[in-house]
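> Okay, here's the prediction I keep looking at, along with the sequence it came from:
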Amino acid sequence: MFSRKHKSHGISAAWRIAIWPTTAFALGSAVAIAIMYFLIARDIQERSDAWLSGEAGTLADVSARTPRDALYNRLVREVAELAAREVSDADDSHGQHPTSVFFLQTQPGQDPIWVGPSPKEPFIAAIQQAQLTPRALADVHVPGWKKTFRVVYKSRGDGSGLYLGFADVNGARMLNRLTERCLLVWGITVALGFLITWLVAYRTLLRVDQISDTVSRMGSEDLSSRLPEGRYSDEITRLSRTFNRMLDRIQASVHQMRILTDSVAHDLKSPVTSIRGSLEVALSDGTHGQWHERVAEAIEGLDRLSQLLNTTLDLAEADVGALQTRKETVELSEVVRHLVDLYKPAMAEHGHEISTNLQPVLIDADLSLLNRTIANLLDNEIAHLPLVCRINISVRAKQGEAELTIEDNGPGFPPELRSRAFERFVKGPHSAGHGLGLAFVDAVARAHGGRVEIADRDGGGALLILTFNEAVTENVGR
Amino acid sequence: MRLLLVEDDSAIREFLHRGLSEASYQVDTAKDAKSALALAGEDLYDGFIIDLGLPDMDGLDLISRCRSQGHTAPVLILSARRSVDERVRGLEQGGDDYLTKPFALAELLARLRNLLRRSVPGQPEAVHLRVADLELDLVRREARRGSELLQLTTQEFSLLEYLIRNAGRVVTRTMILDRVWRMRIDPATNVVDVQIYRLRNKVDSEGKRPLIHTIRGVGYVLKEA
């Protein structure tokens, strides 16, 4: 269904692609042929005009010099016939009019001398009508003749006139033959050009069609099929390649999303179950004290749930690059000191001793996200360290970067988690969290153009380094 | 105090109505912007609670409409959208405070109280705060329980000041972090509880009548008995 529709689109596109260049080519070559035609036609006329003028001159000469005796008419006629034959020779026999040259000499008081096709009357009438000016060449249309005659007129002092007319039937026929052949060649070239362009376009678009066929066959369930990348290294192959890379990325993120949904679903189920259980027990248990306790448990469970939702949403936003940051210039060590003040008593409850080594350094950061990030790291320390450990937090400026280091003398990161520590839902075997903490820290660091790294501390324990770019200050004193 | 509550979700609307009525507010409710505007056109309210995700109009537009109708009473915005931008936009468009769902009723009440107090100007700042025999001198930053001077850190003093200012009212951990530590964080560990525990050890020392009480699942309250 789909593919059929696509295919017809391809053909019409090939048609469109082929029709425009062909039209342009056809018009261009037609203009070229027309120009050639006019040039040749003009050339032929110039040559016949030259012959006409030359011959008229000769005849006028003969007619002037020949003594007017009994032989005068015959002589002039013979010279004229000779001249006429000169052009008529090439004219051979298949014309209807064996000769297309006429000569007329009018003489006052005598019969005109006429050499040319008979009857002569239409010619004489046409000449008289044309009112020729002496020496100039003019077109005269003779009734019964398709071709117009070029006529030269020479008048003589004694009132007689001399007319020589020539219809270049031969030249016209040659021109016609030339035109016919040109048109034939033109038609073939245009048709062939169109066919070739259309074929090339059609074959190219067929490959595009294959791409759209493959892509439309690909459901959201099956993202594993790929487009053939072809043997040419052209635009279409690049298109296929780009599609394939895109499919790789989509497949990867769909896979990631499934893991995420599964994990979220799993992590949601346990609090929902316990909340539901608490409330159920509260309902069936009449005593007020118990009831109170269960409801409180349920609320605490809901708080954890909304915490999970918030972090998951933050991470989802970070994934699409939409984690919104409202950056301001903050003093990192001040932020850390403030948070350590908050966490110190809780850490002391676990027997941890916390020491700080804070140097002032300014960074551009979203204070709210920064607070949550550092709180996250401190929560991690409390959650994962065994009782009575030493924790050291230091902040220092280092080559244009602000470095926050948290180290402890605990057991360190489990080696099997080291490489995946910043992936979501990756958590230690004894972790009670959701495995989102470090993923969140990583997302925030990246949203600030910074990074987070973990390592083993010399002498045992974990080491985590959070790096930000130092704020560019316009402090002249430095 | 008359309040207008605009919320399309009936469960939230009813629970807020009950909670606010119990806190002795007079509450009118509207389930969409149209009926809200109709109510606001008839009556004067001392405060508005407006959900941003209304079916017929964006909550922000509703706030603008109320403001253009001449209502100057404070507006508390409720929203499921958590972005900072959204919050800023809400406050720019005439909202006075912004609360993200899910929230604790205690926090909503506290914020509302703040807003309504803010709108009544000219109350002199107290210098001494007292609950039972606990007394805070805000100028000298000293706290006494009876005749005994309590040795409090700066943080502990601020925490106690916050509790005593809200004496008799439940404050949540989020509120404590927001108001005392000035941070919007959601710790996974019991940092606030430990802070309270330490403070309580000093304030409610052996033999004294306890003043700081834990309300499980909600937060803390400072009160007599």
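Alright, I've got the coordinates. Numbering: from 1, shown residues only, chains lettered A, B, ... in the order given.
> Below-threshold pLDDT in chain B: ranges please.
Screening chain B residue by residue with the criterion pLDDT under 70, one finds the ranges B:118-124.
> how about 50 then?
Low-confidence segments of chain B (pLDDT under 50): none present.
> All the strands of it, in order from the start?
Assigned by DSSP state E, chain B shows strands spanning B:2-6, B:26-30, B:47-51, B:75-79, B:97-100, B:128-131, B:134-137, B:142-145, B:148-150, B:171-172, B:212-215, B:219-222.
> near chain A, which residues of chain B?
Residues of chain B lying close to chain A by C-beta under 8 Å from any C-beta of the partner chain are B:82-85, B:88, B:102, B:155, B:177, B:181, B:183-191, B:193-195, B:197-198, B:216-218. Every C-beta, even on glycine, is put in place using the N, C-alpha and C of the backbone.
> how does the chain divide into domains?
Picked chain A for this. A:2-174, A:235-319, A:327-469 (automatic domain parsing).
> sorry, should have said chain B
If the domains of chain B are taken from automatic domain parsing, they occupy B:2-118, B:128-222, with pieces of a single domain joined by a plus sign.
> could you redo these as a markdown table and give each row mean neighbour count?
Below are the domains of chain B laid out as a markdown table (neighbours: other C-beta atoms under 10 Å in any protein chain shown):
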| stretch | mean neighbour count |
| --- | --- |
| domain B:2-118 | 17 |
| domain B:128-222 | 17 |
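> so which of these gets nearest residue A:381?
Shortest distance between residue A:381 and the domains of chain B, using C-beta to C-beta, is found for domain B:128-222: 9.2 Å.
> For chain B, see how far away residue A:131 is.
From residue A:131 across to chain B, the span is 92 Å (C-beta to the nearest C-beta, to the nearest Å).
> same question, residue A:172
Residue A:172 sits 84 Å away from chain B, taking C-beta to the nearest C-beta as the criterion.
> Now do the contacts for residue A:328.
By C-beta atoms under 8 Å, 6 or more residues apart in numbering or on different chains, residue A:328 lies in contact with A:364, A:365, A:366, A:367.
> The helix or strand where it lies pairs with which strands, parallel or anti?
When secondary structure is defined by DSSP states H and E, residue A:328 falls within strand A:327-331. Sheet pairing of strand A:327-331 (DSSP bridges) gives strand A:362-366 (antiparallel).
> For the partner strand, C-alpha coordinates in PDB please.
Listed in PDB are the C-alpha atoms of strand A:362-366, where the atom choice follows Å, rounded to 0.1, in the frame of the first residue of the first chain:
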ATOM      1  CA  LEU A 362      34.100  31.700  42.100                       C
ATOM      2  CA  ILE A 363      32.100  29.600  39.600                       C
ATOM      3  CA  ASP A 364      29.100  30.300  37.400                       C
ATOM      4  CA  ALA A 365      26.500  27.800  38.600                       C
ATOM      5  CA  ASP A 366      22.800  27.300  39.300                       C
END
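> Show me what secondary structure element comes after that strand.
Next in line after strand A:362-366, if elements are assigned by DSSP H and E, sits helix A:367-384.
> How about that next one and chain B, touching?
Yes. Judged by C-beta under 8 Å from any C-beta, helix A:367-384 and chain B are in contact via A:368, A:371, A:372, A:375, A:376, A:378, A:379, A:382, A:383.
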